[in-house]
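A.B. asks: Next one to model:
(one chain, ligands or ions: 2)
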Amino acid sequence: MDAPNQILTAAQMRAGEERLIADGTSVTELMERAGRGAADWVFRVAAGRKVTVLCGPGNNGGDGYVIARVLAERGVPVEVVAPRAPTTDVAKEARKRWGGEPVVTARGAVLVDCLFGTGLSRPLSGDLHRLLIELSYAHNHWIAVDLPSGIDADSGELLNDVLPVYSLTLALGAWKLAHWMMPAQAIMGDLRLVDIGVEPEEGAAGLSERPTLFVPERDAHKYARGLLAVIGGAMPGAGVLASRAAMHGGAGYVKLYSDHDGLPGVPPDLVVAGDPMPALATDPRIAAVLIGPGLGRSEEARSVLSWVLACDLPTVCDADALVLLEPEMLEDRSAPLVLTPHAGELDAIGNAFASSEPDRLEQVTELAEAIEGVLVAKGPDTIVAAPGRPPVFMPPAPSWLSTAGTGDVLAGLIASQLAVGETSAFQAAQNGCWLHREAALRAGPAFSASGLVAQLPAAYGAFL
Ligand SMILES: NC(=O)C1=CN([C@@H]2O[C@H](COP(=O)(O)OP(=O)(O)OC[C@H]3O[C@@H](n4cnc5c(N)ncnc54)[C@H](OP(=O)(O)O)[C@@H]3O)[C@@H](O)[C@H]2O)[C@H](O)CC1
Ligand SMILES: [K+]
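C.D. replies: Ligands and ions are numbered 1, 2, ... in the order given. All right, here's what the predicted structure looks like:
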């Protein structure tokens, strides 16, 4: 993972910083780079208006003194509120170089939160929490330096119930997990990275990079682009929806297998067939299978799932298939497998595969190893994990996606990309997520799953 895309734990960040120090960069120099880089952003937001910097006792506070000094040098009116004196040598030095006198409280246009960063180890005490909230009310723009104070850098948990919502968060040196994990992600506002020279860290998680999607060859035909088999079930609408999405996800041919009479909403260009069994077992043109949307949870559904997985084709399992999945069903498989659970389904897989890891990122990474496949832990902070490689976070997508049927659309898109077969299953999963997000951005507010599908051709075009 290249440095601007890597996402570090607080410990990895400290290790990266220590390597820079061992290579001859002083901590003072690192703080100067961080403070100057952050000050550039604050300067632009402030546009000459009054800035208040809230400085804590550690090096996050030290960054604050650098920011205050640089802004003052550039003629910006700035005050510092420092409820705790600096405790580290480098922060003490930064305060000395700033040279001003802190005030008890302040009012202004921009609040710069340098109370705590990666070193926060417990909830903000009553007085500090009150001060942070009071100051947030006394300003109109809220910038968090490195991290909003009051969150856990590694889990993204809010350590205090009520925290300000920021307009901008400036990550120093590298992204931390909390920048991309809920619930912390929701209070970050815009996110910008300040480079201080941190090198790539071995094994670090990363941000998914915007992909370029496949364009059919000049001599392509529908089978060359991938035939996707979608297995219908007890609730046929979900399979139709997933198929409609898949038709716009890259695959040349989508076939829905369903024995329901009068399927709802089947477009004339979607091919519907009956029993999938003979085809899956014998048709070499089938490039991938999607099973789960609307499958149902009956014994019959379980045996269909078991049989489909035994065919050992590249397969996406979603929805009911995730609840019915058992470790034995994956024995003897070697073809790529992608699971797309939401939080509840992720717990169901965790139970089935005897994983009780409480940390979500660890849980997703561990389960990807256990299933020997790709896991797309979908939600407001989607993580894509695969065995033997660091997981990636998808960029946040519109919250309007929290509506029925959008999961079927995502499963259809990932399965379609898997059927195309131009990339690894890990990349196909990310491609599907990118398409899904792009369609949501284009669909505007209050869309339905059908509205999302309508945006897919244009969304695809955004990745060519
Ligand atoms: N890593 C880098 O490359 C750089 C990081 N920079 C900045 O430094 C911070 C991390 O600095 P650190 O000093 O480790 O941590 P903090 O400033 O977040 O705060 C730690 C101090 O706060 C105390 N503490 C922790 N929790 C609380 C609390 N709830 N209430 C009161 N005090 C608290 C803690 O002491 P304890 O022993 O009491 O736990 C520390 O004294 C990073 O985020 C960047 O902003 C540098 O600028 C350079 C590069
Ligand atoms: K902060």
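A.B. asks: Let me see the contact set for the closest residue in space to His141 that isn't next to it in sequence.
C.D. replies: In space, and not counting its chain neighbours, His141 is closest to Val110: 4.5 Å by C-beta to C-beta, 6 or more residues apart in numbering. To be clear about C-beta, it is placed using only N, CA and C from the backbone, and glycine gets the same treatment. Residues near Val110 by C-beta atoms under 8 Å, 6 or more residues apart in numbering: Val42, Val45, Ala46, Arg49, Lys50, Val51, Thr52, His139, Asn140, His141, Trp142, Ile143.
A.B. asks: Let me know the pLDDT of Lys222.
C.D. replies: Per-residue confidence (pLDDT) for Lys222: 89.
A.B. asks: Likewise for Ala348?
C.D. replies: At Ala348, the model reports a pLDDT of 96.
A.B. asks: So it sits against Pro341, correct?
C.D. replies: Yes. Between Ala348 and Pro341 a contact is recorded at 7.4 Å, counting by C-beta atoms under 8 Å.
A.B. asks: More neighbours: which of those two?
C.D. replies: Using other C-beta atoms under 10 Å, the more surrounded residue of Ala348 and Pro341 is Pro341, with 27 against 14.
A.B. asks: three-state assignment of Leu256?
C.D. replies: strand (DSSP: H, G, I helix; E, B strand; the rest coil).
A.B. asks: Let me see the domain layout of the chain.
C.D. replies: Using automatic domain parsing, the domains assigned to the chain come out as 3-207, 227-461.
A.B. asks: could you give the mean pLDDT of the shortest one?
C.D. replies: I take that to be domain 3-207. pLDDT averaged over domain 3-207 gives 97.
A.B. asks: With ligand 1 in mind, check whether it reaches it.
C.D. replies: Yes. Using C-beta under 6 Å from any ligand atom, we find that domain 3-207 touches ligand 1 at 13-14, 17, 30-31, 34, 56-63, 87-88, 116-122, 124-125, 145-146, 172-173, 196.
A.B. asks: Just list the residues touching the nearest residue to Leu309 once chain neighbours are set aside, thanks.
C.D. replies: Residue nearest to Leu309 in three dimensions, not counting chain neighbours: Met329, with 4.7 Å by C-beta to C-beta, 6+ apart. Met329 makes contact with Leu305, Ser306, Leu309, Ala310, according to C-beta under 8 Å, 6+ apart.
A.B. asks: Throw the residues you listed into JSON lines and include distance to Val81, secondary structure and neighbour count, thanks.
C.D. replies: Shown next, in JSON lines, are these (distance: C-beta to C-beta, whole Å; DSSP: H, G, I helix; E, B strand; the rest coil; neighbours: other C-beta atoms under 10 Å):
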{"residue": "Leu305", "distance to Val81": "59", "secondary structure": "helix", "neighbour count": "26"}
{"residue": "Ser306", "distance to Val81": "63", "secondary structure": "helix", "neighbour count": "14"}
{"residue": "Leu309", "distance to Val81": "60", "secondary structure": "helix", "neighbour count": "24"}
{"residue": "Ala310", "distance to Val81": "65", "secondary structure": "helix", "neighbour count": "15"}
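A.B. asks: In JSON lines: the residues you listed, plus distance to Asp318.
C.D. replies: As requested, these are arranged in JSON lines below (distance: C-beta to C-beta, whole Å):
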{"residue": "Leu305", "distance to Asp318": "11"}
{"residue": "Ser306", "distance to Asp318": "16"}
{"residue": "Leu309", "distance to Asp318": "13"}
{"residue": "Ala310", "distance to Asp318": "18"}
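A.B. asks: if we can go back for a sec, may I see the domains of the chain organised as JSON lines, with distance to ligand 2 added?
C.D. replies: Below are those laid out as JSON lines (distance: least, C-beta to the ion, whole Å):
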{"stretch": "domain 3-207", "distance to ligand 2": "4"}
{"stretch": "domain 227-461", "distance to ligand 2": "20"}
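A.B. asks: Nearest to Arg218, out of the ones you listed?
C.D. replies: Proximity to Arg218 (C-beta to C-beta) singles out domain 227-461 among those, at 14.1 Å.
A.B. asks: from the middle of its chain, how far away would that closest one be?
C.D. replies: In terms of C-alpha atoms, centre = their mean, to the nearest Å, the centre of domain 227-461 is found 18 Å from the chain centre.
A.B. asks: And for stretch 166-180?
C.D. replies: On C-alpha atoms, centre = their mean, the centre of stretch 166-180 falls 13 Å from that of its chain.
A.B. asks: cool, and stretch 180-197?
C.D. replies: 11 Å.
A.B. asks: again, but for stretch 131-149
C.D. replies: Per C-alpha atoms, centre = their mean, the centroid offset for stretch 131-149 relative to its chain is 24 Å.
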